[in-house]
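Asker: Just the structure for this:
(one chain, ligands or ions: 1)
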Amino acid sequence: MNTKHDRKPGGGPQQTRLWSRVALIALGAAFLSSCGQGQFIYLGDQAAAYNREIGGLALWAIALSIIIFVGVSALLFYTVQKFREDRNTAAPQQFHGNNKLEVWLIAVPVVLVLGLSVLSVRSLARLNPVSKQSMGIEALGAQFWWNFSYPAATVQGGSVVANGNEMVMPAGEKVAITTTSRDVIHGFWAPNLGGQRASIPSVKKVWEIDTQRPGVYQGNCSQLCGASHANMRFKVVALEPDRFKTFMDAAQAYVAPTPAPGSAEERGMNIFMQGKADTGAIACASCHRVQGTPAGGQSGPDLSFFGSRRTLGAGMWEAMTPQQWEETTAAKNSPRGFSPKQALHEWIKNSPEVKPGSIMPSYDGSNYKVNGKVMKGGTLTDQEIDDVAAYLRSLQLPEGADYWQGSTVVGTNSTVGGTQ
Ligand code: CUA
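Answerer: Residues are numbered from 1 along each chain as shown. Prediction:
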């Protein structure tokens, strides 16, 4: 943007007007193109049926606005030119009202508004119905993360396939999203796939979204919900139908790998499952589920495929390649100055410290808060924390079912690297 340095300090109303115009243009550009982390977020993405419908409606509204603007401007200009009286000194002609004109001035806007209403209702009628054939995904919002579960994808032991903060869906077909919430109102919003939907406690709202383009899409919580509202992001990974089937089959058959005896992963698993009673460290399993293990906690995000995930802390950190997960120096602008590996360590150690409002217990002995109540955290050594991290990283889907591999991050030229 061009900044003028030769301007006098202070600035009058004219300058204020200039700046408000610049701000408007900048806002518009951000609105239309992209925000955050270089990912392409586009409300007008025509790959989604929802956006095509709304785009058509918007075109009508914009076209009518242009016609009204041009029409009113032309009439105004004509009237001012034709009836100007400034050359005469005599008093202007006096008259009372113009009934015919007034009727027109009321009738035309009424017709326009009614026309737009009809178009809006038609769009709603097209967007709201949900087909019984659509595959269902339940999106549960919580402070401050998402859980995506697949009610029809049952697994051995009676639960269903679920994944935290990363939603995998097939491309090219409608998916019925049920939004709901664990605590306060959140907003499910993946702009490339459609508009926002509120996630409301004890209310289940269903709507259909789709995308014709496989790829990775950015999602955000769109409803102010607390301290880490801005840290409540998610990814949508849309896969070609056959790849989605491969993922889903593997996810349903998934049993968390058993670590080798004596390995770091095994030590980590034991802490994960049992905690450490002598230091007050609570078992991770009491809040998190890992498919195929006794861990069935429901109050935290599902960790079954944690090792296959490429995001941490509901999108606070991203590591798109196996190499990035191993890096120990943080990328520029990385939250808290952590690389993903450091972030995982610090996360386990004291999650409320790295993510405001997180209610996960701390493991460095410090106090943490749950619903305003101060709790005393247990302790784990740095080595034990690394063991837990190693166990979590080992929770991977089989190679062919890695939904990230080869997926294109939409709006960038990058394709996500292979299985770790
Ligand atoms: Cu959840 Cu904002």
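
Asker: ok, and what's touching the strand or helix carrying Q383?
Answerer: If you go by DSSP states H and E, Q383 is part of helix 382-393. Applying Cβ atoms under 8 Å, 6 or more residues apart in numbering, the external contacts of helix 382-393 come out as 259, 263-269, 271-272, 276, 284, 303, 306-307, 325, 341, 344-345, 348-349, 363, 380, 420. Where C-beta positions appear, they are placed from N, C-alpha and C, glycine not excepted.

Asker: If any of those residues are buried, put those into a ChimeraX selection.
Answerer: What follows is the ChimeraX syntax for the buried subset of the contacts of helix 382-393, where burial is set by 16 or more other Cβ atoms under 10 Å:
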select :259,264,265,266,267,268,269,271,272,276,284,303,306,307,325,341,344,345,348,349,363,380,420
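
Asker: Go through the contacts of helix 382-393 and flag which are in strands.
Answerer: Among those, DSSP state E puts none in strands.

Asker: about what we covered before: export the helix holding Q383 as CSV, just CAs?
Answerer: This file holds the C-alpha atoms of helix 382-393, laid out as CSV (Å, rounded to 0.1, in the frame of the first residue of the first chain):
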residue,chain,number,x,y,z
ASP,A,382,11.0,-33.9,30.7
GLN,A,383,12.0,-37.4,29.8
GLU,A,384,8.5,-38.7,30.7
ILE,A,385,6.9,-36.0,28.7
ASP,A,386,9.0,-36.9,25.7
ASP,A,387,8.0,-40.5,26.1
VAL,A,388,4.3,-39.5,26.1
ALA,A,389,5.0,-37.4,22.9
ALA,A,390,6.7,-40.4,21.3
TYR,A,391,3.7,-42.6,22.1
LEU,A,392,1.3,-39.9,20.6
ARG,A,393,3.4,-39.6,17.4
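
Asker: could you give the mean pLDDT of that helix?
Answerer: What helix 382-393 shows for mean pLDDT is 95.

Asker: Stretch 202-210 too?
Answerer: Mean per-residue pLDDT for stretch 202-210: 94.

Asker: Count the neighbours of the closest residue to T279 other than its chain neighbours for me.
Answerer: Counting by Cβ to Cβ, 6 or more residues apart in numbering, T379 is the residue found nearest to T279 once chain neighbours are left out, at 4.5 Å. Using other Cβ atoms under 10 Å, T379 has 17 other residues around it.

Asker: quick one, what contacts T379?
Answerer: Applying Cβ under 8 Å, 6+ apart, the residues contacting T379 are 276, 279-281, 363-365.

Asker: of those residues, buried ones?
Answerer: With burial judged by 16+ other Cβ under 10 Å, the buried subset of the contacts of T379 is 276, 281, 363-364.

Asker: which of the residues in the helix holding Q383 are buried?
Answerer: Neighbour-count burial for helix 382-393 flags 384-393 (criterion: 16+ other Cβ under 10 Å).

Asker: next one: stretch 305-318
Answerer: For stretch 305-318, a neighbour-count test (16+ other Cβ under 10 Å) marks 305-318 as buried.

Asker: Let's see which of these end up in helices.
Answerer: Using DSSP state H, no member of the buried residues of stretch 305-318 sits in helices.

Asker: for the stretch 1-150 of the chain, which spans come out with low pLDDT?
Answerer: 1-39, 87-88 (pLDDT under 70).

Asker: Give the buried residues for stretch 138-156.
Answerer: By 16+ other Cβ under 10 Å, the buried positions in stretch 138-156 come out as 138-150, 153, 155.

Asker: The chain against the ligand: which residues are in contact?
Answerer: Selection of the chain residues close to the ligand by Cβ under 6 Å from any ligand atom yields 141, 144, 186, 221, 223-225, 229, 232.

Asker: Repeat the analysis, applying 8 Å as the threshold.
Answerer: Counting by Cβ under 8 Å from any ligand atom, the chain comes close to the ligand at 141, 143-144, 184-187, 199, 220-226, 229-230, 232.

Asker: In ChimeraX, select just the buried ones from these.
Answerer: Per 16+ other Cβ under 10 Å, the buried members of the residues of the chain next to the ligand correspond to this ChimeraX selection:
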select :141,143,144,184,186,187,199,220,221,222,223,225,229,232
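
Asker: quick one, helices of the stretch 251-400 of the chain?
Answerer: 264-274, 322-326, 340-349, 351-354, 382-393 (DSSP state H, counting those that start in this stretch).

Asker: tell me the angle of the longest one relative to helix 340-349?
Answerer: What separates the directions of helix 382-393 and helix 340-349 is an angle of 110 degrees, with axes from the mean of the first three to the mean of the last three Cα atoms, to 10 degrees.

Asker: ok, A198 - contacts?
Answerer: So A198 contacts 179, 185-188, 205, 223 (Cβ under 8 Å, 6+ apart).

Asker: If we use 10 Å, what do you get?
Answerer: By Cβ atoms under 10 Å, 6 or more residues apart in numbering, the contact set of A198 is 141, 179-181, 185-189, 205, 222-223.

Asker: Just checking, which of these comes out lowest on pLDDT?
Answerer: The lowest pLDDT within those belongs to K205, with 92.

Asker: Near it, how many other residues are there?
Answerer: Other residues within reach of K205, judged by other Cβ under 10 Å, total 14.
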